[in-house]
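Participant: Next comes the sequence, and after it the predicted model I'd like to discuss.
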Amino acid sequence: MAAPVELSADVSDVELAGALATAAGELLLSVRADSGLSGRELGDAGDRRSDDFLQDQLAKLRPDDAVLSEESADDLARLNAARVWIVDPVDGTREYGTLDTPAGGRSDWAVHVALWEAGSLVAGAVALPALGVTYSSDSTPVAPETGLAPPRTGRPRVVVSGSRPPEFADAVAAALDAELVPVGSAGAKAMAVVRGEADAYVHGGGQFEWDSAAPVVVAEAKGLWCSRIDGTPLEYNQRDTYLPDLIVCRPELAETIIGAIQA
Ligand SMILES: Nc1ncnc2c1ncn2[C@@H]1O[C@H](COP(=O)(O)O)[C@@H](OP(=O)(O)O)[C@H]1O
Ligand SMILES: [Mg+2]
């Protein structure tokens, strides 16, 4: 299995987030290609390998910072830290483990790396390894692309969880006269909006800080609206990391979406 590339500490935080997410994604592709595993076993192996890599690299490259990861114990030292990396080593673990598709595997899974500092998310990146792209929280515009969802029919689109769509999904779709499109992974769904494949991502009913931190800091940098479903700000590095709902959408749709959910 290919050894991960050597990363340098001498780069900006946003560059480091992008390099870490991309390198972890390459590692995950090699685990997927070479391990002979599939399904839950592949998901577990990917989670472990990617988390080990990210923890090891962050300890070396940003030794003074704390880390909150889905796959490592949370010792709460982060609550007194000035800077906290919030990572999801594989978001969409179920989709990562799904190989029996015509393309030889699903592409709607992601690696999330975000940095929280003094109360806000300040940098981050979402890698979509199966598509060979990483989006960072810089202001580089993103050209419309397809690959996560089927070609557009012309109607607005709202992406939702394939396995746990929110109970308000139909109300949001009706308010926008939109179609609902199931896509796996919070990062892949938020990047579908960044990529122009969808107009909104709505979720409710359960999620954690690592599921949305990197997608949100990237989406905000690209000019999208991100909030809780009642319109209030998403807050990170809380003692309780449960952050059950969110909206990521084109800004002009936010009021209609929030209204439809609250109705
Ligand atoms: N109701 C719920 N409770 C807890 N986590 C949830 C959830 N719905 C979605 N998630 C998490 O959010 C991520 C995206 O899910 P989905 O593809 O269904 O939209 C997944 O992260 P992981 O794959 O990192 O576990 C999933 O576990
Ligand atoms: Mg996740």
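Facilitator: Done, it's in. Numbering: from 1, shown residues only. Ligands and ions are numbered 1, 2, ... in the order given.

Participant: for stretch 250-263, which positions count as buried?
Facilitator: Residues of stretch 250-263 classed as buried under the neighbour-count rule (16 or more other Cβ atoms under 10 Å) are 250, 253-254, 257-258, 260-261. Placement of C-beta: from N, CA and C, glycine included.

Participant: Need the residues you listed in TSV (columns: pLDDT and secondary structure).
Facilitator: What follows is the buried residues of stretch 250-263, written out as TSV (pLDDT from 0 to 100; DSSP: H, G, I helix; E, B strand; the rest coil):
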residue	pLDDT	secondary structure
R250	98	coil
L253	98	helix
A254	98	helix
I257	98	helix
I258	98	helix
A260	98	helix
I261	98	helix
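
Participant: For burial, what's the neighbour tally of the closest residue in space to S38 that isn't next to it in sequence?
Facilitator: Using Cβ to Cβ, 6 or more residues apart in numbering and skipping residues adjacent in sequence, the residue nearest S38 is L99, 4.9 Å away. Residues within reach of L99, counting by other Cβ atoms under 10 Å, total 15.

Participant: Check for me that L99 belongs to a helix.
Facilitator: No: counting by DSSP: H, G, I helix; E, B strand; the rest coil, L99 is not part of a helix but coil.

Participant: And the closest residue to G92 other than its chain neighbours, its phi and psi?
Facilitator: The shortest distance from G92 to any non-neighbouring residue, by Cβ to Cβ, 6+ apart, is to S185 (2.8 Å). Per-residue torsions, S185: phi 80, psi 130 (degrees, to the nearest 10).

Participant: same check, this time on R83
Facilitator: According to degrees, to the nearest 10, R83 has phi -130, psi 130.

Participant: okay but it is in contact with A114, surely?
Facilitator: No: counting by Cβ atoms under 8 Å, R83 does not reach A114; the two are 11.1 Å apart.

Participant: interface residues of this protein facing ligand 2?
Facilitator: Neighbours of ligand 2 within the chain, by Cβ under 5 Å from the ion: 88, 91, 211.

Participant: Which ones among those map onto strands?
Facilitator: The strands, defined by DSSP state E, take in 88, 91 from those.

Participant: can you put the residues of the chain next to ligand 2 in JSON lines and add neighbour count?
Facilitator: Formatted as JSON lines, the residues of the chain next to ligand 2 follow (neighbours: other Cβ atoms under 10 Å):
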{"residue": "D88", "neighbour count": "33"}
{"residue": "D91", "neighbour count": "28"}
{"residue": "D211", "neighbour count": "26"}
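
Participant: Could you export the residues of the chain next to ligand 2 as a markdown table, including distance to S72 and pLDDT?
Facilitator: Below are these laid out as a markdown table (distance: Cβ to Cβ, whole Å; pLDDT from 0 to 100):
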| residue | distance to S72 | pLDDT |
| --- | --- | --- |
| D88 | 11 | 98 |
| D91 | 15 | 98 |
| D211 | 15 | 98 |
